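In: Please find the sequence and the predicted model below.
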Amino acid sequence: MSSTPGDRSPRRLRLVAARKPRRPTDSSGGARTHRNRRLIIASALILVAGLAAGIAGITAASGAGGSHPVRVHLTYSCQFPSGTYQVSAIATATFPASAAAGTPIEPADLELTITLPRQAVAYLRGLGSASVSATGSLAVTATSGGTHVPATWPVRTATAAALPATGSASLDTSGTAPPASVSKPGTITFAASGLALLLTPQRAAGTATNPATVTATCAAGGAATPQLASVLITGASPSPSSSASHAASSSAAPASKPKYHFPKGCGDIKVHGLGSALCGYLVGYTDVKKLYGASKLGPVLVNIDYAYKHVFKPGKLIAYSAGKIYDQADKGKAQFPPVRSTFLGFGFVPVTATLNVVEKGLISIVSVSGTTKPPYPITVTATSTVTISISDVTVNGTRLPVGAGCRAARPVKLTLVGHGTNTFPPVGYTLPTGGPLSGFLTIPRFIDCGVTENLDPLLTGSISGPGNFAKMTQGRLCGPVDPKDWTCPPPVPKPVR
């Protein structure tokens, strides 16, 4: 989300004592929309962490000054160390009915009521705690023009809340909500796409318990999309009639359902925890430093178990994903398509070979997102292990019989890093929107090369060594289960050199 210009205090986000949810109404006369989808914390955020909440009802009414309050009842299935329990929450806020393109959109009067169930309270009491404080994050996804941007609204208790001997408990926390800004006319929607809590229980004497912190990760507790609000984006300053225009657009007939064409193998990955199966394309180059050249890799389809786990640390939200390459031309094998490349040996001798890169295991993807102040920087680290082999080698047009087993002596660890910021739309690399990642790899010595003579020393001397630069470009991701929430079909990106 982009920062708000000007010198003014940030809006505050409060969690207040639990109260019984009121029956939702819609004084604007517009029909409530319910869409089945799953949104995840991103990238990012990377996280961020694949969470979705259910909405029991929304109250929306036009307010003075072109604004409208909303009230959303959320339900979560939260995993505590002692088990998985249902957690309820009520979110209230005031959103502008409309805003001019390029101006900040920031919800006001934000409140969130979170009720810890009796099972969670009993677990905390069992640790010896008499009170509990919390930091956490309400995940909100902003969508405009087909672009989906996850953001986190960090929250924190001002004082520890007393835990009752039995029954449920409520937390009272506060935080800030970063603003969003859209550059073109249209509509932006806000959805409460997740919740995560880091609880700090304390004994009556104020000392820490063992463990000192308790993490609660929350997944969908309902089937409907937890939409908070929809704001009309105009090309000029809002007029008095903008509220009526917003109400009319909200009640307009839905567009016809688009047809999506998914590439072969899209989503072919086992999903763990809170993850979602997504796919995208990867293409790029890897240098061979000693041979003064680069080999193009891909494009290849990559399936991703997106944000299956997340962890809070001070000022950071860490999301974990996993990836697997899918070769569409060879029965979905975890490999890049074999590529024929030409390099210059000794700076002038053309050396041509077929390069084979096969993935071993899964790609580990870790997204670390800042949560304290704009522009909320994101660093994504993707680590994979691959085997490298070469075949069909010619030197200056003459075939060099390296044999069928010529390969690097051990698997190669490749770490690529991408950087971005959580502005709207995102800048740089994020896992959902893609972009460039880069890193260096060390090529081991070669073994089993040569048919009539041992060519291991020749290939090791001319190829092996550190400092080989790799730069890959990832395209936008597609979600076969919820295609309307992603970019489907996934585009093949243009490789960045």
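Out: Looks like it arrived, so ask away.
In: Poorly predicted segments of the stretch 51-200 of the chain, please.
Out: Applying pLDDT under 70 to the predicted model, the residue ranges of the stretch 51-200 of the chain that meet it are 51-65, 146, 148, 150-152, 154, 175-178, 193.
In: where along it do the helices fall?
Out: With DSSP state H, counting those that start in this stretch as the definition, the stretch 51-200 of the chain shows helices at residue ranges 118-126.
In: How about the stretch 201-350 of the chain?
Out: Listed in chain order, the helices found in the stretch 201-350 of the chain under DSSP H, counting those that start in this stretch are 242-250.
In: before we move on, what about the stretch 351-497 of the chain?
Out: Counting by DSSP H, counting those that start in this stretch, the segments of the stretch 351-497 of the chain that form helices are 456-463.
In: low-scoring pLDDT stretches of it, where are they?
Out: Counting by pLDDT under 70, the low-confidence segments of the stretch 351-497 of the chain come to 371-374, 423-425.
In: Okay, strands next: where are they in it?
Out: Listed in chain order, the strands found in the stretch 351-497 of the chain under DSSP state E, counting those that start in this stretch are 377-395, 398-400, 407-408, 412-421, 427-428, 435-443, 446-447, 465-474.
In: Tell me the helices and strands packed up against the first one.
Out: The contact analysis (3 or more CB pairs under 8 Å, 6 or more residues apart in numbering; DSSP states H and E) places strand 377-395 against strand 349-370, strand 398-400, strand 407-408, strand 412-421, strand 435-443. To be clear about C-beta, it is placed using only N, CA and C from the backbone, and glycine gets the same treatment.
In: Just the angle for that strand relative to helix 456-463, thanks.
Out: The directions of strand 377-395 and helix 456-463 differ by 130 degrees, with axes from the mean of the first three to the mean of the last three CA atoms, to 10 degrees as the criterion.
In: For stretch 162-174, list every residue counted as buried.
Out: With burial defined by 16 or more other CB atoms under 10 Å, the residues of stretch 162-174 counted as buried are 163, 169, 171, 172, 173, 174.
In: Take these and keep only those in strands.
Out: Helix and strand membership here follows DSSP state E; of the buried residues of stretch 162-174, those in strands are 169, 171, 173, 174.
In: Now render the residues you listed as a markdown table, adding distance to residue 205.
Out: Conversion of these to a markdown table gives the following (distance: CB to CB, whole Å):
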| residue | distance to residue 205 |
| --- | --- |
| 169 | 20 |
| 171 | 21 |
| 173 | 23 |
| 174 | 26 |
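In: Compare the strands of the stretch 351-497 of the chain and give me the one nearest residue 314.
Out: Counting by CB to CB, residue 314 lies closest to strand 377-395 out of the strands of the stretch 351-497 of the chain; the figure is 15.1 Å.
In: ok, now which ones touch residue 185?
Out: Taking CB atoms under 8 Å, 6 or more residues apart in numbering, we find residue 185 in contact with 101, 233, 234, 235.
In: quick one: it from residue 98, how far?
Out: When CB to CB, to the nearest Å is applied, the distance between residue 185 and residue 98 equals 10 Å.
In: Please enumerate the shared neighbours of those two.
Out: Shared contacts of residue 185 and residue 98, defined by CB under 8 Å, 6+ apart, comprise 233, 234.
In: and of the contacts of residue 185, the nearest to residue 291?
Out: residue 101 (50.5 Å).
In: wouldn't that closest one be in contact with residue 187 here?
Out: No - under the criterion of CB atoms under 8 Å, residue 101 is not in contact with residue 187, lying 11.4 Å apart.
In: which residues are common contacts for those two?
Out: Shared contacts of residue 101 and residue 187, defined by CB under 8 Å, 6+ apart, are found at residue 233.
In: Counting neighbours, which of the contacts of residue 185 comes out on top?
Out: Within these, most neighbours by other CB atoms under 10 Å means residue 233, with 22 neighbours.
In: ok, and what's touching stretch 388-406?
Out: Outside of stretch 388-406, the residues that reach it under the criterion CB under 8 Å, 6+ apart are 340, 345, 349-358, 407-408, 412, 443, 446-452, 455, 459.
In: hey, C-alpha coordinates of that stretch in PDB?
Out: Included here for stretch 388-406 are C-alpha records, laid out as PDB according to Å, rounded to 0.1, in the frame of the first residue of the first chain:
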ATOM      1  CA  ILE A 388      23.500 -30.400 -14.200                       C
ATOM      2  CA  SER A 389      24.500 -32.600 -17.100                       C
ATOM      3  CA  ILE A 390      25.600 -31.900 -20.700                       C
ATOM      4  CA  SER A 391      25.400 -33.900 -23.900                       C
ATOM      5  CA  ASP A 392      25.900 -33.600 -27.600                       C
ATOM      6  CA  VAL A 393      29.000 -31.300 -27.400                       C
ATOM      7  CA  THR A 394      30.800 -29.800 -30.400                       C
ATOM      8  CA  VAL A 395      33.900 -27.700 -30.300                       C
ATOM      9  CA  ASN A 396      34.400 -25.400 -33.300                       C
ATOM     10  CA  GLY A 397      31.900 -27.700 -35.200                       C
ATOM     11  CA  THR A 398      33.700 -30.900 -34.300                       C
ATOM     12  CA  ARG A 399      31.900 -33.400 -32.200                       C
ATOM     13  CA  LEU A 400      33.400 -34.100 -28.700                       C
ATOM     14  CA  PRO A 401      32.300 -37.500 -27.500                       C
ATOM     15  CA  VAL A 402      31.500 -36.800 -23.900                       C
ATOM     16  CA  GLY A 403      29.100 -39.800 -23.500                       C
ATOM     17  CA  ALA A 404      25.700 -40.100 -22.000                       C
ATOM     18  CA  GLY A 405      26.600 -39.700 -18.300                       C
ATOM     19  CA  CYS A 406      28.600 -36.500 -18.400                       C
END
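In: Only the buried residues of it, if you could.
Out: For stretch 388-406, the buried set under the neighbour-count rule, 16+ other CB under 10 Å, comprises 388, 389, 390, 393, 400, 402, 406.
In: can you give me phi and psi for the last one?
Out: Looking back up the chat, that one is residue 406. With angles defined as degrees, to the nearest 10, residue 406 shows backbone torsions of phi -70, psi 120.
In: any idea what sits nearest it, other than its immediate chain neighbours?
Out: residue 449 (3.8 Å; CB to CB, 6 or more residues apart in numbering).
In: Check the burial of the one you found by counting its neighbours.
Out: By other CB under 10 Å, the burial measure for residue 449, its neighbour count, is 23.
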